[in-house]
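Colleague: How does the following fold in three dimensions:
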Amino acid sequence: MDELAAQTGISKPYLSLIETGRVPNPPSDEKLRRLEHALKFNPGELVTQAHLHRTPRDVRAVLTKLLQGKKRTEDLGLRTESRKNGAIATAALSPQSSILSPSIDLDDAYLSGMLHELVEKSAGNVEQVTTNAVPVVNRVSAGYPKDFTDLSYPKGVADEYLSCPDVNDTDAFAARVHGDSMFPKYREGDIVIFSPSSQPRSGDDCFVRFEDGHTTFKRVFFETDVATNGAEKPMLRLQPRNEKYRPQTVPAEQVTGLYRAVFKYQRVDEE
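Modeller: Prediction:
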């Protein structure tokens, strides 16, 4: 474990969580590529598995049925055509010749354009959402970090949406505030819109995602820590707005997502 941590730059506690399957979400692609190189996996092997793991199970099941149905249709067409030519094209019907084999690879389906084709054909019963509709994905802790699962929805899909005409970021999302550490500017139940395309500045209020999958909502300050050897290490100070809470300083490498707050929705009849 010491050797792997040294080779990949990933902490031993986090490697232990990965090894024992206790991480709530797969590691980032960058960390997985480092593990692939150190452990001599084929390039992309772990990354592909992580992408499949992040795909909701019901989506995988539906796609599997669609692909298998398309494969049967194509196989029948190939057999009919080959009989017309007086020969059976067995090679063309082999599982290896098509991404529609029983072991379906979603990445291959996406890259080949087949996934897009299936989505287009099945889009008749899918509600179209306007470009300024922002998905409310979950609530974000304004106290200490808590588990955050995006409700197991695909990117940009949620149970609730809100309209914000002034938000032009297609990746924008909203979350309800939970806790009082950002009081008085933000109260529990407020809905805050975050913009991934908006560059965070020191002192901004941000949605913070940690490498272990936890999240929090804090005012973020960019700082550096000077090590004993004189090297500067980037740090983030997570500062609550509520003075009864203490700030938390973490290495920047432990943060995998930093999204700036751009709008707030709040009830006006609350004292």
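Colleague: By residue count, tell me the biggest strand in the chain.
Modeller: If you go by DSSP state E, the chain has its longest strand at strand 214-226.
Colleague: Give the other helices and strands that that strand contacts.
Modeller: Secondary-structure packing of strand 214-226 (3 or more Cβ pairs under 8 Å, 6 or more residues apart in numbering; DSSP states H and E): strand 133-141, strand 146-147, strand 204-210, strand 232-239, strand 248-251. For glycine as for every other residue, the C-beta is placed from the backbone atoms N, C-alpha and C.
Colleague: Give me the contact list for stretch 34-43.
Modeller: With contacts defined as Cβ atoms under 8 Å, 6 or more residues apart in numbering, stretch 34-43 is touched by Leu4, Gln7, Thr8, Gly9, Ile10, Ile18, Pro27, Arg33, Gly44, Glu45, Leu46, Val47.
Colleague: Try it again at 6 Å.
Modeller: The contact list for stretch 34-43, computed with Cβ atoms under 6 Å, 6 or more residues apart in numbering, reads Leu4, Gln7, Thr8, Leu46.
Colleague: Would you map out the domains in the protein?
Modeller: Using automatic domain parsing, the domain ranges for the chain come out as 2-54, 57-125, 133-265.
Colleague: ok, of these, where does mean pLDDT dip lowest?
Modeller: Mean pLDDT is lowest for domain 57-125 among the domains of the chain, at a mean of 57.
Colleague: would you list every one of the helices in this protein?
Modeller: 2-8, 12-19, 29-39, 45-54, 57-84, 106-111, 114-121 (DSSP state H).
Colleague: ok, which pair from the contacts of stretch 34-43 is furthest apart?
Modeller: Using Cβ to Cβ, the contacts of stretch 34-43 reach their maximum pairwise distance at Gln7 and Leu46, which is 14.7 Å.
Colleague: between these two, who's got more neighbours?
Modeller: Leu46 (21 against 13; other Cβ atoms under 10 Å).
Colleague: right, and the more buried one touches Leu32 too?
Modeller: Yes: Leu46 lies in contact with Leu32 (Cβ atoms under 6 Å); the separation is 4.3 Å.
Colleague: Roughly how far does Pro13 sit from Glu19?
Modeller: 11 Å (Cβ to Cβ, to the nearest Å).
Colleague: go on, Glu188?
Modeller: When Glu188 is compared with Glu19 (using Cβ to Cβ), they lie 37 Å apart.
Colleague: Mind checking which of these two has more residues around it?
Modeller: Between Glu188 and Glu19, counted using other Cβ under 10 Å, Glu188 has the larger neighbour count: 14 against 11.
Colleague: list the contacts for that one?
Modeller: By Cβ under 6 Å, 6+ apart, the contact set of Glu188 is Val177.
Colleague: Repeat that for Val134.
Modeller: Counted by Cβ under 6 Å, 6+ apart, Val134 has contacts Leu162, Cys164, Ala172, Ala174, Ile193.
Colleague: So which of the residues you listed sit within strands?
Modeller: Among these, the members falling in strands are Leu162, Ala174, Ile193 (criterion: DSSP E).
Colleague: Spatially nearest residue to the last one, not counting backbone neighbours?
Modeller: What it means is Ile193. What sits nearest to Ile193 in space, not counting adjacent residues and going by Cβ to Cβ, 6 or more residues apart in numbering, is Phe263, at 4.2 Å.
Colleague: Since that was my last question, I'll sign off now.
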